[in-house]
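> Requesting a structural model of the entry that follows:
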Amino acid sequence: MRNPASHARSVCICGLLALLACILSIGCRKTKNPASPGQDGEKVFRRLTVLQADSLIQANLGNANFIIVDVRTPSEYGSGHLENALSVNYNASDFEERLNQFDKTATYLVYCRSGSRSAAAVAKMQELGFLIVYEMLGGISAWIDAGYPVVH
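Residues are numbered from 1 along each chain as shown. The predicted model follows:
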């Protein structure tokens, strides 16, 4: 007859070993850098903090296939925007038409004032077949609050 205490210890040890294996397999998985686009046609739609957005911008300096899109109104854009950002007014009647003129295989960083319009714009871009789109959380308000520069 088995000793119940011995059996309980071996079950407990097996459970702990299984838990440890699970933790190690999760911890050892390659985590994606926000600056690294998807591979093999993988679609990428991620929300980034302003720190991550700045890292993405720095990693793509000089990359013609990296496009920053400001979806605020022209007057908001004129009051200050990220350097090299294109103005594509989310509220304009031709917003979808303008998006369709962009290369859907390029990499995009989208922002607005605080995050509402950029979230809707990213959803529209996903619907239109764009492959790699990042949304800057908190918009330009969070960008400025973090001390990052804007241009006029």
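
> and the helix or strand hosting residue 55, average pLDDT?
Per DSSP states H and E: residue 55 is located in helix 50-59. Averaged over helix 50-59, pLDDT sits at 98.

> Isn't residue 120 up against residue 91?
No. In this structure residue 120 lies outside contact range of residue 91 using C-beta atoms under 8 Å: 10.3 Å. (Glycine included, C-beta is placed from N, CA and C.)

> So the two - more neighbours on which side?
Per other C-beta atoms under 10 Å, whichever of residue 120 and residue 91 has more neighbours is residue 120, with 16 against 9.

> List the strands paired with the next helix or strand after the helix holding residue 55, with their directions.
Downstream of helix 50-59, the next assigned helix or strand under DSSP H and E is strand 66-70. Its sheet considered, strand 66-70 pairs with strand 86-87 (parallel), strand 107-111 (parallel) by DSSP bridges.

> which residues are contacting the last one?
Outside of strand 107-111, the residues that reach it under the criterion C-beta atoms under 8 Å, 6 or more residues apart in numbering are 37, 48, 53, 56-57, 60, 63, 65-71, 82, 85, 102, 118, 121-122, 125, 130, 132-136, 139-140, 143.

> Put the buried members of those into a PyMOL selection.
PyMOL command restricting the contacts of strand 107-111 to the buried ones, with burial defined by 16 or more other C-beta atoms under 10 Å:
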select buried, resi 37+48+53+56+57+60+66+67+68+69+70+71+82+85+102+118+121+122+125+130+132+133+134+135+136+139+140+143
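
> Out of the strands paired with strand 66-70, which is closest to residue 41?
Set against residue 41 and scored by C-beta to C-beta, these come closest in strand 107-111, at 13.8 Å.

> Following element in sequence after the closest one, please.
helix 116-127.

> Now that next one: average pLDDT?
In this model, helix 116-127 has a mean pLDDT of 98.

> Mind giving me the packing neighbours of it?
helix 95-100, strand 107-111, strand 132-136 (3 or more C-beta pairs under 8 Å, 6 or more residues apart in numbering; DSSP states H and E).

> of all the ones you listed, which lies closest to residue 151?
Ranking the helices and strands packed on helix 116-127 by proximity to residue 151 (C-beta to C-beta) places strand 107-111 first, at 13.9 Å.
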